[in-house]
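Trainee: Show me how the following folds:
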Amino acid sequence: MFPLLIVLAILAGCASLLFGPARLSPVALWDAMTGQGDPMVRAILFQLRVPRALLGLLIGAMLGLGGASMQGYLRNPLSDPGVLGVSSAAALGAVVAIYWQLATSHPVVLPLLAIAGALVSLVPLVWLSRRGESSLSLILAGIAIATLAGAGISLALNLAPNPFAAMEITTWLLGSLEDRAFADLWIALPCVAIGAGLLLWDARALDALSLGEDAARTLGVDLARVRLRLMLGIAIGVGGAVAVAGSIGFIGLIVPHLVRPLTDRSPSAVLLPSALAGAVLLTFADVGTRLIPTTSPLKLGVLTAFLGVPVFTHYLLKERRLW
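Mentor: Got it, this is the predicted structure:
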């Protein structure tokens, strides 16, 4: 499976370089990479296409890994990084930057406030879930954080000083990799690297948790430390992804279900394949936003939301009960 996913990731990256409003042929692409050909093609390639392709692979990998980690920890097939409310808190931080026009002062202000929002959300998340070691307390705390952050975003839209500010907030919340540069890549890269490292740290602990929390504790798993590392990994990694690309949902939900049948179904075996598959899926989805004909640019978060509908429908039909 790993060679196949690596080949698909390379193909997705190449497709992201080739397709767009200005179609580049493989020959023109090669000439630009070797420093020859049209200077305009080189500018399009290195200033727009390359950072966009790398960000698609990087953010997709983080979202896929985050979704697999959450599903393994909570033992719930419908979990994703949004369960902790971190994505909503990061979005709220970005909305604050847009609402108060702080984003216009410097390009890094918006992503920094988004990352700060994700990290600040850990304080009430730890406080609300500190009394219980069960995953249910973490889920309930995450719902509270997500609800509060959603209310703050709605308030900003309601009190927007003009329609243009509200439109800018809404556009950012829809999620996109359009017009991203290497500066955005350098912001997301360290966050994703740290977050992924923290999530992979407890791969074996997730296997133990599949037997239940009591059994994992008997096997020597420190549930409090595992939970803290999980929350930090999701906050830093997904916060950095949201800071650069906006809110992109359902990747973390879909990807683990696609790769799990190809593994032994243990949580640790799903983590790295989910990262690779997430990179592939998000990058191809980003290519799809450029190829689907629309009167206005199609946002990445909208397309990934439509991709999540079949997954919800599948599990609704599979797990339905007679009441």
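Trainee: Show me where the stretch 201-323 of the chain has its helices.
Mentor: With DSSP state H, counting those that start in this stretch as the criterion, the stretch 201-323 of the chain has helices at 203-209, 213-218, 223-245, 251-259, 267-291, 300-319.
Trainee: Present those helices as JSON lines; the columns should include distance to Leu125, mean pLDDT and mean neighbour count.
Mentor: Quick note: C-beta positions are derived from backbone N, CA and C, even for glycine. As requested, these are arranged in JSON lines below (distance: least, CB to CB, whole Å; pLDDT from 0 to 100; neighbours: other CB atoms under 10 Å):
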{"stretch": "helix 203-209", "distance to Leu125": "19", "mean pLDDT": "93", "mean neighbour count": "20"}
{"stretch": "helix 213-218", "distance to Leu125": "19", "mean pLDDT": "88", "mean neighbour count": "13"}
{"stretch": "helix 223-245", "distance to Leu125": "6", "mean pLDDT": "92", "mean neighbour count": "24"}
{"stretch": "helix 251-259", "distance to Leu125": "17", "mean pLDDT": "90", "mean neighbour count": "25"}
{"stretch": "helix 267-291", "distance to Leu125": "21", "mean pLDDT": "95", "mean neighbour count": "24"}
{"stretch": "helix 300-319", "distance to Leu125": "23", "mean pLDDT": "80", "mean neighbour count": "14"}
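Trainee: Would you mind giving the ones you listed as TSV with distance to Ala196 added?
Mentor: Shown next, in TSV, are these (distance: least, CB to CB, whole Å):
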stretch	distance to Ala196
helix 203-209	11
helix 213-218	22
helix 223-245	6
helix 251-259	13
helix 267-291	7
helix 300-319	20
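Trainee: Name the nearest residue to Leu65, ignoring sequence neighbours.
Mentor: Ala275 (4.2 Å; CB to CB, 6 or more residues apart in numbering).
Trainee: give the contact list for the one you found.
Mentor: Under the criterion of CB atoms under 8 Å, 6 or more residues apart in numbering, the contact partners of Ala275 comprise 61-62, 64-65, 68, 196.
Trainee: just checking, which of those belong to strands?
Mentor: Secondary structure of those is defined by DSSP state E; no position falls in strands.
Trainee: Can you tell me which of the residues you listed is nearest Pro111?
Mentor: The nearest member of the contacts of Ala275 to Pro111, counting by CB to CB, is Met62 at 14.2 Å.
Trainee: Buried among the contacts of Ala275? Make that a PyMOL selection.
Mentor: In PyMOL, this line selects whichever of these come out buried by 16 or more other CB atoms under 10 Å:
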select buried, resi 61+62+64+65+68+196
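Trainee: Okay, and which of the contacts of Ala275 map to helices?
Mentor: Secondary structure from DSSP state H places 61-62, 64-65, 68, 196 of the contacts of Ala275 in helices.
Trainee: From the residues you listed, pick the one nearest Tyr99.
Mentor: Of all the ones in helices among the contacts of Ala275, Met62 has the smallest distance to Tyr99: 26.2 Å, by CB to CB.
Trainee: so how far is Gly237 from the closest one?
Mentor: Between Met62 and Gly237 the distance is 5 Å, computed by CB to CB, to the nearest Å.
Trainee: Pull up the overlap in contacts between these two.
Mentor: Counting by CB under 8 Å, 6+ apart, the common neighbours of Met62 and Gly237 are 192, 195-196.
Trainee: Next, the contact list for the residue positioned nearest the centre of the chain, please.
Mentor: Central residue of the chain (CA atoms, centre = their mean): Leu63, 3.5 Å from the mean position. Taking CB under 8 Å, 6+ apart, we find Leu63 in contact with 81, 238, 241, 248, 251-252, 255, 278, 282.
Trainee: try it again with 7 Å
Mentor: Shown in contact with Leu63 (CB atoms under 7 Å, 6 or more residues apart in numbering): 81, 238, 241, 248, 251-252, 278, 282.
Trainee: Could you export these as JSON lines, including distance to Thr263?
Mentor: As requested, the contacts of Leu63 are exported to JSON lines (distance: CB to CB, whole Å):
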{"residue": "Pro81", "distance to Thr263": "20"}
{"residue": "Val238", "distance to Thr263": "23"}
{"residue": "Ala241", "distance to Thr263": "24"}
{"residue": "Ile248", "distance to Thr263": "24"}
{"residue": "Ile251", "distance to Thr263": "18"}
{"residue": "Gly252", "distance to Thr263": "17"}
{"residue": "Gly278", "distance to Thr263": "15"}
{"residue": "Leu282", "distance to Thr263": "20"}
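Trainee: Check which element follows the helix or strand where Ser16 lies along the chain.
Mentor: Assigned by DSSP states H and E, Ser16 belongs to helix 2-18. Past helix 2-18, further along toward the C-terminus, the next helix or strand under DSSP H and E is helix 26-33.
Trainee: Just checking the distance from that following helix to the centre of its chain.
Mentor: Shown here is helix 26-33, whose average C-alpha point lies 31 Å from the average C-alpha point of the whole chain (CA atoms, centre = their mean, to the nearest Å).
Trainee: Repeat that for stretch 174-186.
Mentor: When distances are taken as CA atoms, centre = their mean, stretch 174-186 is centred 13 Å away from the chain's centroid.
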